[in-house]
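Build the 3D model from these lines:
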Amino acid sequence: MQDSDSLRSILRRIDGKSYGAYKDIRGTYNSDKYTLIIDHVQGDPFAAPSRVRVRVPLKDAGFAADIYSTEGRVVAFCDFLARRFVDATSHAGGHRGSGGSGVIRIEQPGQEVLKRTSVILADGAVEARFVMGLPAHGRRIAGSQAEAMFFEDLPEIVASSLYADSCDLRILERHITTYEDAEFLRDSLLDHGLIAFVADGAVLPRASGVDDRPAGSGAVPFRSPPEMSVEVNLPNSGTITGMGISQGITLIVGGGYHGKSTLLHAIEKGIYNHIPGDGREFVVTDGAAVKIRAEDGRRVEAVDISPFISNLPYGQDTHSFSTDDASGSTSQAAAIMEALEAGVRVLLIDEDTSATNFMIRDHRMQELVSKEKEPITPFIDKVGQLSEDLGVSTILVVGGSGDYFDVADSVICMEEYLPRDRTREAEEIARKYATERSPEGGTEFGKFFRRIPLKEGIDARKGKHEKKISPRSRQIIQFGTEEIDLSAVEQIVETGQTRAIGEAIYYSQRYMETGKTLAEVLDSVFSDLGEQGLDVVAGRPVGDLAYFRRFELTAAINRLRTMKAVQEHE
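Down below sits the predicted model:
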């Protein structure tokens, strides 16, 4: 370890030299305020910026120990500091030459409070991880400008973001207690027989389709129907009320543009905690809830879809179904079976993004096309079995098929963005207007085979690179020569998650040599994550990863077109 004066001396020595001389600054430097660690130096001003860390001892940062006394409080505390760091960088430095010169950037958090690697607590210190664009004129080192970045801009950013005396501790406390209350609420769902809770007063609509912040003053605050109202006593906020969605089968119905999908979108994002002021702070959902949709053209590998689809023409096996170009129905069936493989407890489905022939086959169609000629057992005939046989609940947005009244436990009708409990009316309608359709697919959901993924299907090589993995967006992972399309995996909310998922796919190979099922591979990966943190999947300290669930990881593995698997029984 060197002192900060050594860094200053190096920068002055290499000033004006070719850009490659910046490699001399890599190392660890100590000052009276913090420790600076330069992990990676970029090769030229147009390359990805250099990776840098700052470590401030907790005793010097000045935060009370109670602020980070539990695992949940640590997550919220680090999230708060990351947001402070983002704000501080927006006021510091600026463009200082060619390429990305002068950039100081940390991962930008969204509306969700996630465990990330951008700010962590480790070894008695708070550590911020970020990137810096080392300045240059052309391809010559701008040493004096680099010196200003390290000795003027960076100290100002650190001082205004990572120390207690620069923070409004009341805002920090609210950030932490809101997270803590949401965790408590989610953990309480099972005790109340619920799979989701939507607080009274919540603001569900978003600013726009590309802006996930809450809608403005015109948004209608949520209010639970009296029949579904639940009261919960939170440890910090006290008693709150809201709509509890019970285990079983829940329909969300209503006219177009009355808020059906808006409610489902809030519920699907309720697997995460949200920042104060988001409007959905106390909209929480079972952490094992998965959004399912049809996905024409996706790859499916050795998935047992036989509970939904069987007797395909030409004898194609649906106990181990593979295709490079799935249809809407086969892709939706595969998505459900893959989620079951990973341990799903709640399915979230919107009729608008589903395959019609997968969801329903009405009486008239049954009369015209006999079951012997129809390979698909529609979801309406399996949703009850999922609940009764497997304990998997479903929340379904439906606007066009009242046949689902026959299988629903609860019916929520959205009227002008407010919910009404219409369960009794739906039951009466179902009795009065019998559908006359015949249930298909037997009396049980049916057994299904789990898969064993094969290591040779995980290939991240590209050209001379043994491992080439990067997110091209929040929805696309470049994995070797393949692109993994996650646009239908709607519960990914940050690019940091996508990046971490890509690394985790590669990491998971080590558990694919032992004959483990995919579920067992996931168990092993998440055991390592729990013990060693997100850095374990990257193999080095990085600041651009965010927490993801096993369901998003399995979704990405299943969408890797080189993925190979065999059935467990083979």
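
okay, CA-based contacts and neighbour counts for the rest of this
Will do.

which non-adjacent residue is nearest Ala82?
With Cα to Cα, 6 or more residues apart in numbering as the measure, Val119 is the residue that lies nearest to Ala82, at 5.9 Å, once sequence neighbours are left out.

give me the number of residues near Asp409?
Residues near Asp409, counting by other Cα atoms under 10 Å, number 16.

how close does it sit to Asp304?
Applying Cα to Cα, to the nearest Å, one obtains 28 Å for the distance of Asp409 from Asp304.

Contact partners for Ala335?
Ile292, Arg293 (Cα atoms under 8 Å, 6 or more residues apart in numbering).

quick one on the thing from earlier: need the pLDDT of the residue nearest to Ala82.
For Val119, the pLDDT comes out at 98.

beta partners of it?
With beta bridges defined as DSSP bridges, Val119 has these partners: Ala128.

does the most centrally placed residue in the chain sit in a helix, a strand or a coil?
Within the chain, one residue has its C-alpha closest to the average C-alpha position: by Cα atoms, centre = their mean, that is Ile492, at 3.3 Å. Assigned with DSSP: H, G, I helix; E, B strand; the rest coil, Ile492 falls in the coil class.

what do you get for Gln497?
helix.

Count the residues that sit near it.
For Gln497, which is what you asked about, the neighbour count (other Cα under 10 Å) is 24.

going forward, begin numbering at 123 instead of 1
Done: numbering now begins at 123, and the last item shifts to Gln619.

Phi, psi for the residue nearest to it when sequence neighbours are not counted please.
Counting by Cα to Cα, 6+ apart, the nearest residue to Gln619 once its immediate chain neighbours are dropped is Ala668, at 4.6 Å. In this entry, Ala668 is assigned phi and psi values of phi -130, psi 150 (degrees, to the nearest 10).

correct me, but Ala668 touches Arg238?
Yes: the pair Ala668 and Arg238 passes the contact test of Cα atoms under 8 Å, sitting 4.2 Å apart.

Compare those two and say which one has the larger neighbour count.
Neighbour totals were compared for Ala668 and Arg238, and Arg238 leads with 26 against 22 (other Cα under 10 Å).

pLDDT below threshold where in the stretch 473-622 of the chain?
Across the stretch 473-622 of the chain, nothing is flagged by pLDDT under 70.

rerun at 90
Low-confidence regions of the stretch 473-622 of the chain, defined by pLDDT under 90, span residues 484-489, 492-496, 521-523, 556-560, 563-564, 568-571, 586-588.

Can you tell me how far the residue lying closest to Ala247 once chain neighbours are set aside is from Gly563?
Using Cα to Cα, 6+ apart and skipping the chain neighbours, the partner closest in space to Ala247 is Pro179 (4.0 Å). Counting by Cα to Cα, the gap from Pro179 to Gly563 is 62 Å.

for Gly381, same thing?
When Cα to Cα is applied, the distance between Gly381 and Gly563 equals 33 Å.

hang on, Gly401 packs against Gly338?
No: Gly401 is beyond contact range of Gly338, at 10.5 Å (criterion: Cα under 8 Å).

the more surrounded of those two?
Higher neighbour count among Gly401 and Gly338: Gly401, with 21 against 11, using other Cα under 10 Å.

check which helix or strand covers the closest residue to the more buried one other than its chain neighbours.
Nearest non-adjacent residue to Gly401, counting by Cα to Cα, 6+ apart: Val325, 4.4 Å away. Mapping Val325 onto the secondary structure by DSSP states H and E places it in no helix or strand at all.

so Val325 makes contact with Pro343?
Yes: here Val325 lies in contact with Pro343, judged by Cα under 8 Å, at a distance of 5.2 Å.

tell me which residues of the helix-or-strand element of the chain with minimal mean pLDDT are tucked away?
Least confident element among the helices and strands of the chain, by mean pLDDT, DSSP states H and E: helix 485-490 (a mean of 88). Going by neighbour count (16 or more other Cα atoms under 10 Å), the buried part of helix 485-490 is Gln488.

Now the element after that helix, going C-ward?
Sequence-wise, the next helix or strand beyond helix 485-490 is helix 505-512, with elements assigned using DSSP H and E.

hmm, back to that, pull the contacting residues for the residue nearest to Ala247.
With contacts defined as Cα under 8 Å, 6+ apart, Pro179 is in contact with Tyr156, Gly246, Ala247, Val248.

okay, those residues in a markdown table with neighbour count and distance to Leu316 next?
Formatted as a markdown table, the entries for those read as follows, by neighbours: other Cα atoms under 10 Å; distance: Cα to Cα, whole Å:
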| residue | neighbour count | distance to Leu316 |
| --- | --- | --- |
| Tyr156 | 21 | 47 |
| Gly246 | 11 | 39 |
| Ala247 | 18 | 39 |
| Val248 | 22 | 37 |
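
Out of those residues, give me the two with the largest separation.
By the measure Cα to Cα, the contacts of Pro179 have their two most distant members at Tyr156 and Gly246, which lie 12.5 Å apart.
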